[in-house]
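Participant: How does the following fold in three dimensions:
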Amino acid sequence: MADDIDVAQHAQQQHAGASGVGVSAVSRAQGGSSQDAGRVAQAPGWGRHGQRGNSQHHRRRSNHNDVPPLLARSFKVNRHLPAPAGSSHSQRSGIASSFVRVMSWNLLADALVGEHRRELYPDIPNHVLDGKRRLERSMEHIQECAPHIACFQEVDNFVALHAHLVRIGYACVHVQRTGGKPDGLAIAWHERSVNPVEPVAHLRLRDLNLRDNVAQLCCFDVDVDIDKADHESSPQRRRICVANMHVLFNPKRGDVKLAQVKVVCDALTALSSRLEAPACLAGDFNISPGSPLHEFVIGGVLDVTSVQRKHVAGRIENHASEMEEFENDLPSRATHEPWTAVAVRNGWDDAHALAHAVGGADDGVARHALAPMRSAYAEVGANGMAGEPVWTSAHRRFFGTCDYVFLSGSLVARRVLLPPDPRQLRRGARGSLLPSRGWPSDHVSLVVDLDFV
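Facilitator: Numbering: from 1, shown residues only. You can find the predicted model right below:
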């Protein structure tokens, strides 16, 4: 018999203050009405998307004995913000149609499941790891949440993902990692309510000698319904710049991680400035809450002479992606100016990464102009370290937070979808956690309702 996960002590902390409205089985689990569950599952714009019947079909199917419901989750509302005009109508309907909903989710690439089955998923049954089944369950969750914009990481069967998304009204663009890597990124938007201002841009970091990771950037116009004081709906267009990225995993290479994040932040800054729109940076960052790199994203400054390279990202254990880089990572020859000598003593011995991390600065300080940024989950208060969720990823070698949604400018988080209560997880006899029959990836999605102030 499977044992309860040994991180269950986080459960009460994670869900303290949750709003009690949620996705999938959460209303039943917390004593809410089935009517409330259905309303929240439709999320912003389900009427516009025209998928109400399909969503209900998925919920009915989840109650079948052979297909359990997805893990129960709940939204948490930002109590620090004043209620928007007409908010009583939005709260009564349970649909945040006046907000822009953004999702970020590492889907767990099929190729990486096979490559790292023994290390990370040794006692998870084959049918649970089956790629077709996991994609169907992923689509169930995506359709329930109904994001305006979705950022996906570890996408390696884009043809199938694209076909599913098109059927429910989404357009989607994919970019594969370089160096023959099997997976990549995809960014999707609902075509009826979201329009790209210009084509999606792809950053291939190999062009800068910063490994095989990639990023996507795009600016979107989103049609939302703004509730007036008299509760009448008035259509309005919101513009938002979005970047989707998956940062290098290797915890020894904080220099490369920093350089990757700075390059993407600088590109997003340029896009945001040119199109005069606030920015959202989302993805799997492979960094710990409160780590120097986490603080760099938020504050925009990191003195590379003050921190050891291996400590930049905090403590991130083995992950399904890029584990092989632990032992086979030879640094480049470093330059030796006065401040770089200090940096080299702290392990910053990759000249390319160091140069891109600090840009043209002569003081050894990395900066990005998108700061100050705010974490959407920390802004609401997700009750974990640094206000982030207690966890976003769980497998045999890691339980913790490594996925984030960061905001700049006029964007604020009205509410966020919390990770499932850890007590819903079960550790297998050999230590496996996710995926499970109730969740298709070893990461949970991040879902944020964004407002403009």
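Participant: burial measure for Arg253, as a count.
Facilitator: 26 (other C-beta atoms under 10 Å). Every C-beta, even on glycine, is put in place using the N, C-alpha and C of the backbone.
Participant: distance of it from Gln260?
Facilitator: Distance, Arg253 to Gln260, by C-beta to C-beta, to the nearest Å: 10 Å.
Participant: Which pLDDT value belongs to Val310?
Facilitator: Val isn't right for residue 310; it's Lys. What the model reports for Lys310 is a pLDDT of 78.
Participant: Thought Pro251 was touching it, still the case?
Facilitator: Yes - with contact defined as C-beta atoms under 8 Å, Lys310 reaches Pro251; the gap is 6.6 Å.
Participant: between the two, who's got more neighbours?
Facilitator: Legend: neighbour count by other C-beta under 10 Å for Lys310 and Pro251, higher for Pro251 (23 against 14).
Participant: So what's the residue count around Pro235?
Facilitator: Neighbours around Pro235, by other C-beta under 10 Å: 9.
Participant: Now name the helix or strand holding it.
Facilitator: Using DSSP states H and E, Pro235 maps to strand 233-246.
Participant: partner strands of that strand, parallel or antiparallel?
Facilitator: strand 214-227 (antiparallel), strand 279-284 (parallel) (DSSP bridges).
Participant: Now do the helix or strand following it, average pLDDT.
Facilitator: Per DSSP H and E, the first helix or strand lying C-terminal to strand 233-246 is helix 254-275. In this model, helix 254-275 has an average pLDDT of 96.
Participant: for helix 254-275, packing partners?
Facilitator: Applying 3 or more C-beta pairs under 8 Å, 6 or more residues apart in numbering; DSSP states H and E, we find helix 254-275 packed against strand 201-204, strand 214-227, strand 233-246, strand 279-284, helix 292-299, helix 351-358, strand 365-367.
Participant: Among the ones you listed, which comes closest to Ser441?
Facilitator: Comparing the helices and strands packed on helix 254-275 against Ser441 with C-beta to C-beta, the closest turns out to be strand 279-284 (10.7 Å).
Participant: Report the buried residues of that closest one.
Facilitator: 279-284 (16 or more other C-beta atoms under 10 Å).
Participant: next one: stretch 185-196
Facilitator: For stretch 185-196, by 16+ other C-beta under 10 Å, it's 185-190, 193-194, 196.
Participant: weakest of the helices and strands packed on helix 254-275 in terms of mean pLDDT?
Facilitator: The bottom spot among those, by mean pLDDT, belongs to helix 351-358, with a mean of 62.
Participant: Low-confidence bits of this structure, can you list those?
Facilitator: Within the chain, the stretches with pLDDT under 70 are 1-65, 84-97, 226-234, 316-363.
Participant: Now tabulate the buried residues of strand 279-284 in JSON lines and tack on distance to Arg204.
Facilitator: Converted to JSON lines, the buried residues of strand 279-284 look like this (distance: C-beta to C-beta, whole Å):
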{"residue": "Ala279", "distance to Arg204": "21"}
{"residue": "Cys280", "distance to Arg204": "21"}
{"residue": "Leu281", "distance to Arg204": "18"}
{"residue": "Ala282", "distance to Arg204": "19"}
{"residue": "Gly283", "distance to Arg204": "15"}
{"residue": "Asp284", "distance to Arg204": "17"}
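Participant: So which of those is the closest to Ser410?
Facilitator: Of the buried residues of strand 279-284, the one sitting nearest to Ser410 (C-beta to C-beta) turns out to be Ala279, at 10.1 Å.
Participant: Phe75 pairs with what?
Facilitator: With DSSP bridges as the rule, Phe75 is bridged to Val21, Leu417.
Participant: pretty sure it is in contact with Val416, am I right?
Facilitator: Yes - the criterion here is C-beta under 8 Å, and Phe75 meets it with Val416 at 6.9 Å.
Participant: With neighbour numbers in mind, choose between these two.
Facilitator: Val416 (27 against 24).
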